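Novice: Quick one, what's the 3D model for this:
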Amino acid sequence: MNTTRVRVDFFALVVQTGLLLMLFHGTGASCQEQKAVDSQSAGTAQYVGSDTCKTCHEDLYKSNFEKTPHFKTTLHDGHGCESCHGPGSAHVEGSGDVTKIISFKTMPAQKVNTICLSCHGDKHEQRHFSASVHGNSGIGCIDCHSPHHAREAQHLLVRAQPDLCYGCHTSAKADFAKPYHHRVDEGLIRCSDCHNAHGTTTLRQVRAMPSGDAICVKCHAEKAGPFVYEHVPVKTEGCNSCHTPHGSTNPRYLRVSQVNLLCLQCHSFPAQGPAGPAHDQSAKYQACTMCHTQIHGSNASSVFFR
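Specialist: Have a look, this model is predicted:
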């Protein structure tokens, strides 16, 4: 009896293992295979090939598909147009019936994202998209990207940065129009140099640590340190504690108009913490940084003298 029981348990284990392997194999299927399953679940359409699509959509194929990175989906037994639009035999037999092919024009953003991410979900940055601000705000991939009608060849954007971002982020557009601003409008840097539109684990989708200073010191390397004497707000609150990153009406993107007013927000009596100034605040000593020149950190002085 013990031998029989062992055989039965072993057989059950083999069956369960086989089922698990089948499930695992299914999750590792290529994006084209997964789309084929999804498409054929609603019907019995078959793949007809991109050459068949081209007979009716020749202009779209040659000018808006053949010259884009998506064209490589036709190579190595790929399905080309049908990699995204699904098997097209029913669409062809229906004389171009759009209800018998996957059309993105009226599709909900979440479903569009699912189709796009079935191929583009392998990158680290793309894995955060579903939990990102854009993903949770109902923004679809084709709101920013267009496989057929892109204005920018790189990343197939529907419009060039920053105009694309300004379409939603109007407050940022106003900040970049201020007298002192990062030169985004001038084309020196782009929004995506600092932000990851597809999502990050940080606030405001910044390509940095939560404090934000990692992305700043990529350009402002002299502020990175490490220093023997660290200015505490720089390490605990980040650059945003004193500066507004997009733009300001104050020099050096400061949050207030005068340097000493900014410093006195922390260095004032009877507030706890760092001691306040030991001298008056007359015009001669108005800018604290006239003496405390190494305000981001110093290797020589605990009060950030040179």
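Novice: CA atoms for contacts and neighbours, from now on please.
Specialist: Will do.
Novice: can you give me the mean pLDDT across stretch 79-92?
Specialist: Across stretch 79-92, the average pLDDT comes to 92.
Novice: For it, list the C-alpha coordinates in CSV.
Specialist: Extracted C-alpha coordinates of stretch 79-92, given in CSV (Å, rounded to 0.1, in the frame of the first residue of the first chain):
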residue,chain,number,x,y,z
HIS,A,79,3.7,39.5,-38.5
GLY,A,80,4.4,43.2,-39.4
CYS,A,81,1.1,45.2,-39.3
GLU,A,82,-0.7,42.3,-37.7
SER,A,83,1.7,42.3,-34.8
CYS,A,84,-0.3,45.2,-33.4
HIS,A,85,-3.6,45.0,-35.4
GLY,A,86,-4.1,41.3,-35.0
PRO,A,87,-4.8,38.7,-37.8
GLY,A,88,-6.3,40.4,-40.8
SER,A,89,-8.1,37.6,-42.8
ALA,A,90,-11.5,38.6,-41.5
HIS,A,91,-10.8,42.2,-42.2
VAL,A,92,-9.8,41.4,-45.8
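Novice: got the buried residues for it?
Specialist: 79-92 (16 or more other CA atoms under 10 Å).
Novice: nearest to Lys54, of these?
Specialist: The shortest approach to Lys54 among these belongs to Cys81, at 9.3 Å (CA to CA).
Novice: My guess is the closest one contacts Asp51. True?
Specialist: No - applying CA atoms under 8 Å, one finds Cys81 not in contact with Asp51, separated by 9.4 Å.
Novice: could the buried residues of stretch 79-92 be laid out in CSV, adding secondary structure and distance to Glu230?
Specialist: Formatted as CSV, the buried residues of stretch 79-92 follow (DSSP: H, G, I helix; E, B strand; the rest coil; distance: CA to CA, whole Å):
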residue, secondary structure, distance to Glu230
His79, coil, 58
Gly80, coil, 56
Cys81, coil, 57
Glu82, helix, 58
Ser83, helix, 54
Cys84, helix, 53
His85, helix, 56
Gly86, coil, 58
Pro87, coil, 62
Gly88, coil, 64
Ser89, helix, 67
Ala90, helix, 68
His91, helix, 66
Val92, helix, 69
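Novice: Make TSV from the residues you listed and add distance to Ile215 to it.
Specialist: Shown next, in TSV, are those (distance: CA to CA, whole Å):
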residue	distance to Ile215
His79	40
Gly80	38
Cys81	39
Glu82	40
Ser83	37
Cys84	35
His85	39
Gly86	41
Pro87	44
Gly88	46
Ser89	50
Ala90	51
His91	49
Val92	51
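Novice: For Arg183, state which of those is nearest.
Specialist: Closest to Arg183, out of all of these and judged by CA to CA, is Cys84, at 37.7 Å.
Novice: any idea how far His267 is from that closest one?
Specialist: Distance of Cys84 to His267, computed by CA to CA, to the nearest Å: 60 Å.
Novice: who's in contact with the closest residue to Pro147 other than its chain neighbours?
Specialist: Using CA to CA, 6 or more residues apart in numbering and skipping residues adjacent in sequence, the residue nearest Pro147 is Leu156, 6.3 Å away. Leu156 is in contact with 145-147, 150, counting by CA atoms under 8 Å, 6 or more residues apart in numbering.
Novice: Counting neighbours, what do you get for Cys56?
Specialist: 12 (other CA atoms under 10 Å).
Novice: residue ranges for the strands of the protein, please.
Specialist: With strands called from DSSP state E, the chain shows them at 180-181, 229-230, 247-248, 297-298.
Novice: got those as JSON lines, with mean neighbour count columns?
Specialist: Below are those laid out as JSON lines (neighbours: other CA atoms under 10 Å):
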{"stretch": "strand 180-181", "mean neighbour count": "19"}
{"stretch": "strand 229-230", "mean neighbour count": "19"}
{"stretch": "strand 247-248", "mean neighbour count": "24"}
{"stretch": "strand 297-298", "mean neighbour count": "24"}
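Novice: domain assignment for this structure?
Specialist: As given by automatic domain parsing, the domain ranges for the chain are 32-95, 109-205, 213-298.
Novice: need these in a markdown table with distance to Ile102, can you?
Specialist: Formatted as a markdown table, the domains of the chain follow (distance: least, CA to CA, whole Å):
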| stretch | distance to Ile102 |
| --- | --- |
| domain 32-95 | 5 |
| domain 109-205 | 10 |
| domain 213-298 | 40 |
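Novice: any chance of the strands of the chain in TSV, with distance to Met107 and mean pLDDT too?
Specialist: As requested, those are arranged in TSV below (distance: least, CA to CA, whole Å; pLDDT from 0 to 100):
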stretch	distance to Met107	mean pLDDT
strand 180-181	39	96
strand 229-230	53	92
strand 247-248	38	96
strand 297-298	53	92
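Novice: Of those, which is nearest Ser132?
Specialist: Here strand 247-248 is closest among these (CA to CA), at 24.4 Å.
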